[in-house]
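>>> Sequence and predicted structure, then a few things I'm wondering about:
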Amino acid sequence: MSEGEYRATIACGPLLPRVLDRLLGALAARGDLSVDRLNDLSLVGDAVTSAAAETVADGHLQVIATPGQGALALSLGPFVPGGAARVRRAGGLPGGGDLFSTVASEVTVETDGDAERLTLRIGR
Amino acid sequence: MTATADVTLVVPAVPDSIAVIRQTVSGICEALGADARTVGDIKLAATEACTNVVLHAYAGREPGSIELDAFATEDELRLLVRDRGAGMTPAPMAEGLGLGLPLIAALTSTLTIIEPDEGGTEVSMTFALRDTNPDS
């Protein structure tokens, strides 16, 4: 574990929506993000939760976060192949685009073997 | 075989991490439908256990982490707080009132503290989620 890194693993069941929402809120606060960004992250959590049952590879969503001053790096996964794109589509916005690219300055999909991870850089 | 936790959290053992742990525990309790008093008790016990790690586990050592595992059933929540630090040692010069562990014991239905062979301390706390004695 890197210094300053927060890791959570949450079973994709009834606990996931509430725990992910609370966790992302606390991490946003830890990164000194604005209240607007905190609300945005709540929507990100909703999108991930809504797609988790079909996209998370082993039934447990892993969140790796590194909060900074006015910034938060988030890595979510492991997703099945194509799962990261489905999670992004779950955060689709009216008129095109998705919530993830609106909230984050950088959104990438990393592949590790058969698994995918969705990585977001929020803030500075 | 070790059961897989419903929620696992590994965070730096620093004071700012306590808020992250409290919020996560709140989310677990809310999802399980615990009432406000029970949620408050569980958060308080988790805070005490994790504060002990921040204050004592890694004193004079390399910074380490707090590990929290949560195992939930319909009626019970078990929280396991673990560190890889120095283990439990007497602290006669500590500034606190020394009420942390008695407080945790009062808030839990079961409390177990062990020092694993690989070092550190494991505090296992079980909480009843439903009040079986409404007059209490």
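Now that the structure is in, tell me what you want to look at. Note that the structure is predicted; figures quoted are calculated from it, not measured. Numbering: from 1, shown residues only, chains lettered A, B, ... in the order given.

>>> Thought residue B:12 was touching residue A:3, still the case?
Yes - counting by Cβ atoms under 8 Å, residue A:3 touches residue B:12, with 6.9 Å between them. Backbone N, C-alpha and C define where each C-beta goes, glycine included.

>>> between the two, who's got more neighbours?
residue B:12 (19 against 9; other Cβ atoms under 10 Å in any protein chain shown).

>>> Can you show me the helices along chain A?
Counting by DSSP state H, the segments of chain A that form helices are A:16-30, A:35-55, A:83-90, A:99-103.

>>> do you know how far residue A:44 is from chain B?
Distance check for residue A:44 against chain B: by Cβ to the nearest Cβ, to the nearest Å, it reads 15 Å.

>>> ok, that residue touching residue A:90?
No - using Cβ under 8 Å, residue A:44 is not in contact with residue A:90, being 10.0 Å away.

>>> Not counting residues beside it along the chain, what's closest to residue 25?
No chain in the question, so chain A it is. With sequence-adjacent residues excluded and distances taken as Cβ to Cβ, 6 or more residues apart in numbering or on different chains, residue A:25 is closest to residue A:38, at 5.7 Å.

>>> Hmm, no, I was thinking of chain B.
Leaving aside its sequence neighbours, residue B:25 sits nearest to residue B:46 (Cβ to Cβ, 6+ apart; 4.9 Å).

>>> Looking at the helices of chain A, which one is packed in the most?
helix A:16-30 (a mean of 23; mean count of other Cβ atoms under 10 Å in any protein chain shown).

>>> Point out the residues in chain A that sit beside chain B.
Residues of chain A found near chain B (Cβ under 8 Å from any Cβ of the partner chain) are A:1, A:3-11, A:13-15, A:17-23, A:25-27, A:29-30, A:60.

>>> Relative to residue B:80, how far out is the residue nearest to residue B:25?
11 Å (Cβ to Cβ, to the nearest Å).

>>> helix, strand or coil for the nearest residue to residue B:115 once chain neighbours are set aside?
Distance criterion Cβ to Cβ, 6+ apart; nearest residue to residue B:115, sequence neighbours excluded, is residue B:87 at 4.7 Å. Classification of residue B:87 using DSSP: H, G, I helix; E, B strand; the rest coil returns coil.

>>> List the contacts of residue B:87.
For residue B:87, the contact set (Cβ atoms under 8 Å, 6 or more residues apart in numbering or on different chains) comprises B:115, B:119-121.

>>> my guess is residue B:112 contacts residue B:124, does it?
Yes - at 4.3 Å, residue B:112 and residue B:124 qualify as touching, with contact defined as Cβ under 8 Å.
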